[in-house]
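Novice: fold the following for me, if possible:
(2 chains)
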Amino acid sequence: MKITLKRGLAALLLVLGAGAAQAGVLAEDRADIMYHRYQGGGITVQGPSVLVRKKFGESFAATANYYVDNISSASIDVVVSGASRYSERREQKSLSLEYLRGKTTYSASYITSQENDYKADTYSLSVSQDMFGDLTTVSFGYSQGKDHIGSSVDPTFADTIDRRDYRVGLTQVLTRNLLASLNFETITEQGYLQNPYRFIRFVNGPGSYARGQEVAPHTRTSNAGSIRLKYYLPWRAALDGQYRFYTDTWGINAHTAGLEYTQPMWNRFVFTGSYRYYTQTGTNFFMDLYPRPNYQNFMTRDKENSALSTQTVGLGVAYDFPLGFASSFVKRGTANLQYHRLFVDYSDFRDLRNFPPGTAEPGTEPLYTLSANVIQFFVSFWY
Amino acid sequence: MRKLLLPLMAIATLLVTACSSIEPWVKPYEREHLADPIMAIDPDPVSSSYMDHVFEVREGAAGATGGAGGGCGCS
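Specialist: Numbering: from 1, shown residues only, chains lettered A, B, ... in the order given. Next comes the predicted model:
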C-alpha cells in the first residue's frame, strides 16, 4: 500500500510537471499577465504581455500571446545622428495550435509584429515525439517569415526580408536528478538586412570624419547549437547550466554561457539567481572608422555587428499565493518579480556623443559601454 | 553498390534492434524530482521569450534557445 501510494504520487507529480520531461501529455492550462520594462542607453521600452493557454479535451490546445513594446528612444544612434528623442509602439500577436496523437505532438503557429515602419509575419510548424519510455523527446521545427521594412524619414523607401528557420531539439532524462536539452537552429535570411537609420563614418580629412550609408550583404545564414543541463540538488533546489555556440556567414562567432540557481523557501516562495556571459566577434566587414568612402563592398557601423561582450546578473522571486474563494476554478497562482542588470562592453564601437566631427582625432574617442535595468512583474494562474 | 548494401543493412538492423531493446533506465516512479516544478525546462514561457527578445535586439547571435524561433524582425 505504501509503495502503491508512493508510485501513485510520483505518477501524479509526473503528470503535473509534464513540462519538465515533455511526456506525451499536453502542458497545463495557464494564463500569464506581465508588465515588462527595459531602461538603459537612453532607451525605455515598457509594456504588457498576456499569454493564455487552453486545452480542448486531451488532444488539442491553443496558446495566444499579446505583447507590446512602448519605446521612447534617445539611444546613442539617435543622439549621434542629430535626431531628437522619438516614441513608437510595437505590437506582437501570436497564436499556436497543438494536437497530441499518442506520443507525438504537432503544432502550428503564426506570429505577427507591427510598428509604424516595420511589419513581420512568421508561420511555424513543429513536431515533437516522446520515445524510450518518455526519457527522450525529439523535436523538429520549420518557420518561414517575411518582413516588410519602411522608413519614417523616407516615405518612398520599402524593402523586404525573407526568413527561413530550421530547428532540431532533443530533451533527455539522464538520471533521476538530471535533464539535458540539446538544440540546433539554422536561420537563413535574404533581403534588406541593414538598418535604414544607421550610418558608417569615414575619414574625410586630417582630424575629421563624415557619415555615409551602410551597405550589408543581401543574404545571411547562421547556425547555433546549444546544450543545457538541469540538475536537482538533494536539498530541493535546481541548478541550470547552459552553453551556446553561434556562427554566421557575416563572420560573427559567439559564445553564450549561463548558470541559474533555483531555491524554494518557506513553502510559498521560490528564489532564483542567475549569471549570463555572452561574447561575440564582429562581422568581418564592420569598422568603427573607414579610411575613406567606398572603402569596401560591405560596410557597417551597427553596434550589434561590433565585437562585444555582455554580462547579465538576475534575481527573481515567485510567491505562490493562497487562492481563497478562487480555488474552485484556479489550481494555482503565483506573483513573480524578476530583475536583471545588463552590462554591454563594445570592443570596437566608439562613443561619439560628445565628439562631433572636428573635436577629437577620429578613432581615439572612448569605447561605448551600456548598462540597463530589466524588470518583469507577472502573475500566473493555472486552471 | 552491393558492397555498400550489406554494411548498411547491418547498421540498420543494429539500430532497430538497439532501439527496441532500450529499457527506460529511470522508471516512471523514479521521476519525482524531475517532475518538481523547479525542474521545468521552461517554467515561465512569457518571461523566457521576453528575455530572449531583450538579448536578440542587443546581440548579434540568435537561435537554439529552445523557443519557437522564427524571429520577430523587431531589432
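
Novice: so, low pLDDT: which residues of chain B?
Specialist: Where chain B drops to pLDDT under 70, the residues are B:1-22, B:67-75.

Novice: 50 instead?
Specialist: Scanning chain B for pLDDT under 50 picks out the ranges B:69-75.

Novice: how about it: which residue is closest to chain A?
Specialist: Taking C-beta to the nearest C-beta as the measure, chain B has residue B:24 as its residue closest to chain A, at 2.8 Å. All C-beta spots, glycine's among them, are computed from the backbone N, C-alpha and C.

Novice: got the phi and psi for that residue?
Specialist: phi -60, psi 120 (degrees, to the nearest 10).

Novice: wait, it sits on residue A:136?
Specialist: No - Residue B:24 is beyond contact range of residue A:136, at 9.4 Å (criterion: C-beta atoms under 8 Å).

Novice: ramachandran angles for residue A:197?
Specialist: Residue torsions, per degrees, to the nearest 10, at residue A:197 are phi -100, psi 0.

Novice: wait, what's in contact with it?
Specialist: A:77, A:81, A:151, A:153 (C-beta atoms under 8 Å, 6 or more residues apart in numbering or on different chains).

Novice: looking at those residues, which is nearest residue A:226?
Specialist: residue A:77 (29.7 Å; C-beta to C-beta).

Novice: helix, strand or coil for that closest one?
Specialist: Following DSSP: H, G, I helix; E, B strand; the rest coil, residue A:77 is assigned to helix.

Novice: most centrally placed residue in chain A?
Specialist: residue A:256 (12.7 Å; C-alpha atoms, centre = their mean).

Novice: shouldn't that one be within a helix?
Specialist: No - assessed with three-state DSSP, residue A:256 is strand; it does not lie in a helix.

Novice: and the spatially closest residue to it that is not a sequence neighbour, what element?
Specialist: Nearest residue to residue A:256 in three dimensions, chain neighbours excluded: residue A:244, at 4.2 Å (C-beta to C-beta, 6 or more residues apart in numbering or on different chains). Secondary-structure assignment from DSSP states H and E places residue A:244 in strand A:237-248.

Novice: show me what that strand is packed up against.
Specialist: Helices and strands touching strand A:237-248, by 3 or more C-beta pairs under 8 Å, 6 or more residues apart in numbering or on different chains; DSSP states H and E, are strand A:219-233, strand A:253-265.

Novice: follow-up on the earlier one: give me the three-state assignment for the nearest residue to the residue of chain B closest to chain A once chain neighbours are set aside.
Specialist: Setting aside the residues directly before and after it, residue B:24 is nearest to residue A:133 in space (C-beta to C-beta, 6+ apart), at 2.8 Å. Put simply, residue A:133 is coil when judged by three-state DSSP.

Novice: residue A:133: what's it in contact with?
Specialist: For residue A:133, the contacting residues are B:22, B:23, B:24, B:27, B:28, by C-beta under 8 Å, 6+ apart.
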